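Give the three-dimensional model of this entry:
(chains A and B)
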Amino acid sequence: DAGVIQSPRHEVTEMGQEVTLRCKPISGHDYLFWYRQTMMRGLELLIYFNNNVPIDDSGMPEDRFSAKMPNASFSTLKIQPSEPRDSAVYFCASILGTQETQYFGPGTRLLVL
Amino acid sequence: KQEVTQIPAALSVPEGENLVLNCSFTDSAIYNLQWFRQDPGKGLTSLLLIQSSQREQTSGRLNASLDKSSGRSTLYIAASQPGDSATYLCASTGSARQLTFGSGTQLTVLP
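Model (predicted):
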């Protein structure tokens, strides 16, 4: 298996632009998580899905952030409009609910100028 | 709300030394406790996972312990090597498999 796949790996954009981050979980996994990592706040959970349904989005910082999971093999995290404080590394992770270990993608490094 | 704290924030040791990284958590109702390794500019790699009913797990030179009653976990690294240099993160797992991370310990092993 190729593991969790994220794209793009790097994104540089200007303030006010829309940003879309993509994630392909490991095939067969039924939980998908989006995390954000910054120097100030460390790694924090933004939202997670179970069987494509959003379960808890209390970590989403503002209405500018939205996430979808249209099918079991694809999820997006969208920021519109983006702001410089959104600059961070965004990780996607997946897990099979009957197992224990969560598998992380390589992350998307976002820089908003 | 679960809070996870790691001490120290940074640690520098000479090669060959044994070392201990500390992790504490405020809510003992955890599903499990995991230790991850993160290399600069990379993602997270799971090192050890301790079930809430277990006391410790071992993998090679790594040993992780868990004391739920005191809300503490430790990661012991034996005979450290320069290749062990990385940031080590502990994370508690909630009932829905969501992770709450500590801020990490940045380890440097000097040759």
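
And the least confident helix or strand in chain A by mean pLDDT, what does it pack against?
Ranked by mean pLDDT, DSSP states H and E, the helix or strand of chain A with the weakest confidence is strand A:103-104, at a mean of 92. When contacts are defined as 3 or more CB pairs under 8 Å, 6 or more residues apart in numbering or on different chains; DSSP states H and E, strand A:103-104 packs onto strand A:88-95, strand B:44-51. Every C-beta, even on glycine, is put in place using the N, C-alpha and C of the backbone.

Dump these into JSON lines; add distance to residue A:37, mean neighbour count and mean pLDDT as well.
Compiled in JSON lines, those are given as follows (distance: least, CB to CB, whole Å; neighbours: other CB atoms under 10 Å in any protein chain shown; pLDDT from 0 to 100):
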{"stretch": "strand A:88-95", "distance to residue A:37": "5", "mean neighbour count": "24", "mean pLDDT": "96"}
{"stretch": "strand B:44-51", "distance to residue A:37": "9", "mean neighbour count": "19", "mean pLDDT": "92"}
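
Those strands into TSV, with extra columns for distance to residue B:101?
As requested, these are exported to TSV (distance: least, CB to CB, whole Å):
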stretch	distance to residue B:101
strand A:88-95	11
strand B:44-51	9
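
ok, which stretches of chain A are strands?
Using DSSP state E, the strands of chain A run over residues A:5-7, A:10-13, A:19-24, A:31-38, A:42-50, A:53-56, A:65-71, A:74-79, A:88-95, A:103-104, A:108-112.

which bits of chain B sit near chain A?
B:32, B:34, B:41-46, B:49, B:51, B:89, B:91, B:93, B:96-104 (CB under 8 Å from any CB of the partner chain).

before we move on, the earlier item: ok, which of the helices and strands packed on strand A:103-104 comes nearest residue B:10?
strand B:44-51 (18.4 Å; CB to CB).

Quick one: list the elements packing against that closest one.
By 3+ CB pairs under 8 Å, 6+ apart, strand B:44-51 packs against strand A:103-104, strand B:32-38, strand B:56-59, strand B:62-67, strand B:72-77.

Can you lay out the ones you listed as JSON lines showing mean neighbour count and distance to residue A:39?
Formatted as JSON lines, the helices and strands packed on strand B:44-51 follow (neighbours: other CB atoms under 10 Å in any protein chain shown; distance: least, CB to CB, whole Å):
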{"stretch": "strand A:103-104", "mean neighbour count": "22", "distance to residue A:39": "18"}
{"stretch": "strand B:32-38", "mean neighbour count": "23", "distance to residue A:39": "13"}
{"stretch": "strand B:56-59", "mean neighbour count": "14", "distance to residue A:39": "29"}
{"stretch": "strand B:62-67", "mean neighbour count": "19", "distance to residue A:39": "26"}
{"stretch": "strand B:72-77", "mean neighbour count": "20", "distance to residue A:39": "22"}
